[in-house]
Each structure stands twice: as structure tokens, then as C-alpha cells.
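Student: quick one: sequence and predicted model below, then my questions.
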Amino acid sequence: MPRPSTPIVLVAALMLSAGPAAAQMAKTPDVKTPDVKTPDFKTPDMKTPDAPPLKSAMPEKAAPTGKGEVQLSFAPVVKRAAPSVVNVYASHIDKRPNARTSAMDEFMRRFFGAEGGRGQGGAPGERAQKSLGSGVIVDASGLIITNNHVIDNMNEVRVSLADRREFEATIVLRDPRTDLAVVRITNPTGGLIPMPFGDSESLEVGDFVMAIGNPFGVGQTVTQGIVSALARTQVGSSDYQFFIQTDAAINPGNSGGALVDLRGQLMGINTAIYSQSGGSHGIGFAIPASMVKAVVETAKNGATTVRRPWLGARVQSVTPDIAESMGLDHPTGVLVASLQAKSPADEAGLKRGDLILTVDGLSVDDPEAFGYRFALKGITGQTKFGILRGTSRSTLPVKLTPAPETRPRDVLKVRTRSPFFGATLINTSPAVAEEMLMDFPVDGVAVQAVDENSIAARAGLQKGDMLVSINGQPVSTTKDVERATRTVQSAWEIAINRNGEVLTSMFGG
């Protein structure tokens, strides 16, 4: 999504902790508006003829005629839904018995409390990172769904219920690709009220919804609005982008909270906002319940990672020019740009240039919407694509299966003196390519991660780079890299493939 020019608009993932400063609200002074006379537009010599009174098109105002008319309220919905929404407090305690607090840590601790240095109450030699968000109870056994960014890099989690009970929780599953995570209450004492899932596919623009969470750490808060838009993509907070947009106020601390309908059913998990200030401007985004449910079901089945179906095809958006060339009256669907041999797409008979219009009858208008629809299908059975090939429309059954692990990963963390020092390398396969969101690389070696401030980082290596050769020798496995970096070289010639472009660089030994 291109970045807009001034004023800068930020996509704010709502993982901000609410500290004491968040409670300092500026008071607006009362301003007395002076009496202003409505100007008389008649001139002294003008005569205004009598005119018949205008008939108002507005309905006549009337007082309530019954008790029911003055007691309409969202309170019954809140009573049903609020007990299922929890506050999530996550922290990462880094114990360093012999570490001394740096001057910057001390400065941050004094002025910002828990967010800097050791944090409030931290023991000497310990560093604490803290995060505050919300979550939703989705199973009576104590399963809670929240945003992954709320617990990202955290190792301790506590949850506080609406009735003020607090529990420790363990992290069951993290899914960065959807920005969802599942935690489980440790030793629940009963009385947990799960929120039922609603049908997010049935939502329409204009439907009433409510957001429940813990904004700025002030405590459980309910805001109300409408569904502003559906199927929002390119928002930037996850890989599977297909968001519900709402004007119900969402603020930092609401992350992981519930977006509910007027039945008190879970329609989405609040996850991001558009904001210039970090606060709500009436443009919030929620992950639809259909995706949330898929992640929860994975956790219920005992898995610690979410496995998704493998297609083995790369798709691209349909531009107005492409749509015109294909005889379409407007851009729709996604275009098959390339295929991987022996993949489900290849075996189903998809061809380069095919236009995929629907997934199981549901239309797709861009690659993000297609990826979302396909990811929901699971890894067993089959799905059906509605396609346009030339001027002919047809339906193709596509097998649902996870990406295969065709060879060992043999992960290598390079610790020898070379341009790769600090890089983590991995043998590629369809499974690795899916996890790393790579196009179909030939079997080779990919950069899985690069340590900050390492030699590899300074050399310019990036996650997703494919190694082509080292000092003129082709690289096929991580063992090739291990052999090449055993001895110190006076110079290094490295060739990598980055997004289809081969780059060659020279480095000193």
C-alpha cells in the first residue's frame, strides 16, 4: 500500500501499553458563546410579500408514548458479551544477574516507569518489557484468543476477567501471519463464559456492532458504531488481509478485544487502526470471525502452528487494461502469473493466464482476498475455483493439501568469520517457501533471519534472499555454505537472488 504524503497516516497496530501518561486527559475550558443576532437581509426599501408557510418534509416531533420507547438500550447485549472479554497483561523478563542498568535504562525507568529499563518492581539485573491488550474467551476450558502482537516476544501472560479474577496463562499458539494468538488460563476455577462465534460472512455495511476491550488500560470499555466497510485489504497488519472496517472507537489496548453484533456474537477481533495521533479517528479494523475460528480450532486440536493449504501458483491483481483485454466490464478476480510443477494448481489443470473469479462460489477481487478465502479451506478435501480462460468459464476442483517438506531443512546459524556471520540459513522446500512467503524457488538455500548489527546485516543480507554462489561455487545446501565458510578468505564474492534479480557483491576477508 503506497504511503500517503503529508499529513502522514499511520497504520497503528494496537499493541501499545497504557501507562500513567495515558490517563492524563486535557480538559477543554468552558467557552461562553456570545449572543449573536441573526442578520436581517431586507433592505429599507424592500417589501417582502406575504408567502404561504412552508410545509416541513421532516416527520413531526412527538414525545414518547410508552415506557418501551424510552428504554431502548444496548445494555442487554453488553451483559451477554462483556463477561467473555478479558484484559491481557504480557511481559518479557530478561534476567541478567551481573548486568548493570545503563544510563539510558535508568532515564527511561525514571520518566516512563515500566516501559523503560527494568520496569517498576523489577529486580536488579532484570529487564522487563510489558504489553497490554485484550482477549476473548472462546472455550469454557480457558482458551482465549488475542492478537499475536500483544504477546509477541513475551514469556509471561496474565489475564484479568470482567469480574476482576486474575489468572496466569500459557501461550498455546502464535500465528504471526494472521496476527492472532491463543493462550490458555492456567488452573481455571470455573465460571468462564465463552463468547459464541457469529457468521462474519453475513455482515453488511451499516450493521450495528460494538467493540469491547481495555483501551489505554482504563478498564473494560464498550464503544458502539457500524460496519463501515467489508473485505478491506492492504491494511498492513497481517499476511491474510481481509478486514472488517468499523467506526466503533478502537484505541491502543483494544487489540485482541471483541467486535460483536447485536446478538452478542463474536464477529471479529479488533486489531488495527488508521490514525495520525495513535488514538481513534473512527477507522478501525477487525479480523473476521471466520479466520479467528479457524485458528481457534487448530489450537483445540492440539497443534501449536497453523497449517494452510498449498496452491503452488502465484497470482496477481487485474488492472483495468487487463480487464479490458479479457472482455470484462470491470477489474475482478486474480490472474494466474506462474505455476509450480506437480503442485495442486498444476495438477488441477490451472494455466498461466487463467483468471480465478471465485473460491467455492465466493468472489475474489484481489490477491489478498483470494489468499484469505483459500487459507480458510483447510488442508483436507478439495475446493472449487471458478475460472475464466479466454472467453470460456468453467469450474476446477483443487486438492487441499499442506505444502510438502521435500528435503531436510538443515538450519545453519553462521558463526564463522565471513559475510554470513549472524545469518540463519535454511534449505528451501515448498513448505519453507510457504512459511517465508517466497515465490517458487528452485531447491537452494535461503536466508531465514539476520541478527541486528551483525556482519551479515552490514553486508546487506535480508530475510528471503536466495544464495546463488560463493566465490564462484554454486550453493545448493546449507552444508555447501558451511564448507565454504570454514576457512578465512582474503575476499568474498557473493551472488544472491532477491525477488528474481541476481545481485553480486564483493567483500573483504
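Tutor: Now that the structure is in, tell me what you want to look at.

Student: where in this structure is pLDDT low?
Tutor: The chain contains residues with pLDDT under 70 at 1-59, 61, 70, 93-129, 232-241, 274-282, 440-442.

Student: just give me the longest helix of it.
Tutor: helix 289-300 (DSSP state H).

Student: just the CA atoms of that helix, as CSV, please.
Tutor: What follows is helix 289-300, C-alpha atoms only, in CSV (Å, rounded to 0.1, in the frame of the first residue of the first chain):
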residue,chain,number,x,y,z
ALA,A,289,-14.6,-14.4,12.9
SER,A,290,-14.2,-16.9,10.1
MET,A,291,-10.4,-16.7,10.3
VAL,A,292,-10.5,-16.4,14.1
LYS,A,293,-12.5,-19.6,14.3
ALA,A,294,-10.0,-21.5,12.1
VAL,A,295,-7.1,-20.5,14.3
VAL,A,296,-9.1,-21.5,17.5
GLU,A,297,-10.0,-24.9,16.0
THR,A,298,-6.3,-25.5,15.3
ALA,A,299,-5.5,-24.8,19.0
LYS,A,300,-8.3,-27.0,20.2
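
Student: what sits up against it?
Tutor: With contact meaning C-beta atoms under 8 Å, 6 or more residues apart in numbering, helix 289-300 is reached by 138-139, 143, 145, 172-173, 175, 178, 180, 182, 197-201, 240, 242, 265-269, 305-307, 372, 375-376, 378. (Glycine included, C-beta is placed from N, CA and C.)

Student: repeat for stretch 337-350
Tutor: 309-316, 336, 351-352, 356, 385, 387, 396-401, 430, 439-440.

Student: out of the contacts of helix 289-300, which are inside strands?
Tutor: Mapping these onto strands (DSSP state E) picks out 143, 145, 172-173, 175, 180, 182, 266-269.

Student: which pair in those residues spans the largest distance?
Tutor: V172 and M267 (22.7 Å; C-beta to C-beta).

Student: show the backbone phi and psi for R164.
Tutor: phi 80, psi 0 (degrees, to the nearest 10).

Student: wait, I meant I356
Tutor: According to degrees, to the nearest 10, I356 has phi -90, psi 120.

Student: over to K384?
Tutor: The phi/psi pair for K384 (degrees, to the nearest 10) is phi -120, psi 130.

Student: doesn't L400 make contact with it?
Tutor: No - the criterion here is C-beta atoms under 8 Å, and K384 misses it with L400 at 10.9 Å.

Student: and the two? Which one has more around it.
Tutor: L400 (18 against 14; other C-beta atoms under 10 Å).

Student: grab the nearest non-local neighbour of that one.
Tutor: Sequence neighbours aside, P309 is the residue nearest to L400 in space, at 4.5 Å (criterion: C-beta to C-beta, 6 or more residues apart in numbering).

Student: same deal with V432?
Tutor: Closest to V432 by C-beta to C-beta, 6+ apart is I426, at 6.0 Å.

Student: just L362 next, same as before
Tutor: Nearest non-adjacent residue to L362 (C-beta to C-beta, 6+ apart): R373, at 5.8 Å.

Student: next, count neighbours for the one you found.
Tutor: Neighbours of R373 (other C-beta under 10 Å): 21.

Student: hmm, it is touching V364, no?
Tutor: Yes - counting by C-beta under 8 Å, R373 touches V364, with 5.7 Å between them.

Student: contact partners of the one helix or strand I226 maps to?
Tutor: Assigned by DSSP states H and E, I226 belongs to strand 221-232. The contact list for strand 221-232 (C-beta under 8 Å, 6+ apart) reads 74, 78, 82, 203-215, 241-250, 282-283, 285, 365, 369.
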